[in-house]
Structure formats: structure tokens, C-alpha cells
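K.L.:
3D, please:
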Amino acid sequence: MSDALRVLYKREGTMGVLRAFGLHRMLTEDDDPALWAAALIRHWHAPTEPDLDPACLRFTVSRPVSAKAAREFKLGRSGMLELEVWCFERVEHDRLRVVHCPEPPSLSFMGMLMNSSPGAATQMGSWVQDLLEVSRPSLGERAALVHVGMSAPVNAGSGETRLWARAADGTWFETEEVVARWLA
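P.N.:
Now for the predicted structure:
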């Protein structure tokens with residue numbers, strides 16, 4: 001999606017892409033930075049691009065669970081168990097930082113309008129989010145899951161979780177295999 005992120009990757013590598021979003025500090029020993037960078041390059045705009053609104057970004061790390069174990073957990077829209085969720089704010093024109101995500105409004109857009117909430121459209125617009133979710137663990141794995149979607153309160157949006165594969169050279173690519181879909 002982002003030519004600017006591809007240029008950044010060529011200039012600064014995987015960690016340069018992650019630093020642009022402040023995600024380099026969030027990696028654990030279970031995460032493959034190359035997967036995170038590949039997913040960002042494929043699906044999000046660079047912080048320098050005018051189309052990017054940091055307040056609308058949500059990055060999640062989740063754990064895939066077996067079908068049997070899925071009955072025991074409340075899974076996210078991706079079909080995975082959410083482990084960590086981060087939002088973003090701008091610190092420089094080309095850099096974001098990770099922040100805790102605020103609580104979404106409890107009323108739907110129509111509920112806000114019906115209750116004559118002032119600025120309902122403006123308030124709702126700030127809660128539309130571009131979602132990117134990666135599975136953990138990914139380091140040393142041959143495949144991982146990545147969920148991409150859009151969400152708006154309350155429980156509206158769409159997305160799909162696809163299988164990603166690691167090539168022999170360590171780079172990651174998105175496959176055509178859809179593991180889960182969400183539409184509301």
C-alpha cells in the first residue's frame with residue numbers, strides 16, 4: 001500500500017519501518033520483526049503520508065488457538081486471542097509512538113444522533129479504526145496469521161485474517177488463504 005514505507009525499508013531496513021510507528025519497543029523474543037514490517041508495508045500508510053491519521057490506527061498482537069480451545073476463550077474478530085493492543089499518536093511528522101487505546105463510545109452512531117449528542121459525527125469519526133493484527137509467536141515460524149480490517153462503533157466493520165508465509169530468505173508474504181472473515 002505504501003511506496004513511502006517501501007522506500008523507508010530500502011533505506012533503513014525492517015527496524016526503520018518499525019521505528020516509524022514506535023513498534024520497535026514492543027517486540028518480544030517471540031516476534032519476528034520482518035513479519036511486522038511486511039504487514040505494515042502491505043497494509044498501512046507511512047506516517048509522512050497525508051492519508052494517515054494516527055488516531056485511527058490499532059495494532060494488535062494475538063495468539064492463534066485451536067478449534068477446541070476456542071470454546072474456552074473470547075476470541076477477537078480475527079479468530080485469535082488478543083494479547084496486546086496499541087494505538088498511536090504523532091510525535092514528529094515522520095514518527096508515531098505507541099499509546100494505550102482509549103475506550104470506545106458505548107453508543108452507536110445512530111444512538112448518538114437520537115440522543116442529540118453534540119458533535120456526534122465528529123466524535124464517531126475519531127473511532128473509525130484501521131486494524132492490523134499479527135499472530136504471536138512468529139519468530140522461527142514458517143507461517144503466521146495477519147488480520148486486516150476496519151472497525152467503527154458499535155460492532156461495525158469488516159476484515160479478514162490471512163495466512164502469511166516466510167520465504168527461505170526470511171521475508172514474509174501474504175498468501176491467498178483466508179482463515180477468518182468478519183463483517184458487521
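
K.L.:
Now the element after the helix or strand bottoming out on mean pLDDT in the chain, going C-ward?
P.N.:
Across the helices and strands of the chain, mean confidence by mean pLDDT, DSSP states H and E is lowest for helix 120-125: a mean of 49. The first helix or strand that comes after helix 120-125 along the chain, using DSSP states H and E, is strand 129-135.

K.L.:
Parallel or antiparallel, list what pairs with whichever helix or strand comes after that next one.
P.N.:
Counting by DSSP H and E, the next helix or strand C-terminal to strand 129-135 is strand 143-152. Looking at strand 143-152 with DSSP bridges, its partner strands are strand 129-135 (antiparallel), strand 156-166 (antiparallel).

K.L.:
who's in contact with the first one?
P.N.:
The reference is to strand 129-135. Residues outside strand 129-135 that contact it (C-beta atoms under 8 Å, 6 or more residues apart in numbering): 31, 35-36, 39-40, 43-44, 56-64, 76-78, 80, 82, 144-152, 157, 159, 161. Any C-beta I mention is one placed from the backbone N, CA and C, and that applies to glycine too.

K.L.:
Skip the chain neighbours and tell me the closest residue to the residue sitting nearest the centre point of the chain.
P.N.:
For the chain, the residue sitting closest to the mean C-alpha position, by C-alpha atoms, centre = their mean, is Leu132 at 1.7 Å. Once flanking residues are discounted, Leu132 sits nearest to Phe59: 5.3 Å by C-beta to C-beta, 6 or more residues apart in numbering.

K.L.:
Which helix or which strand is home to that neighbour?
P.N.:
Applying DSSP H and E, one finds Phe59 within strand 57-63.

K.L.:
report the longest helix in the chain, please.
P.N.:
The helix that spans the most residues within the chain, counting by DSSP state H, is helix 3-21.

K.L.:
average model confidence for stretch 150-160?
P.N.:
In this model, stretch 150-160 carries a mean pLDDT of 84.
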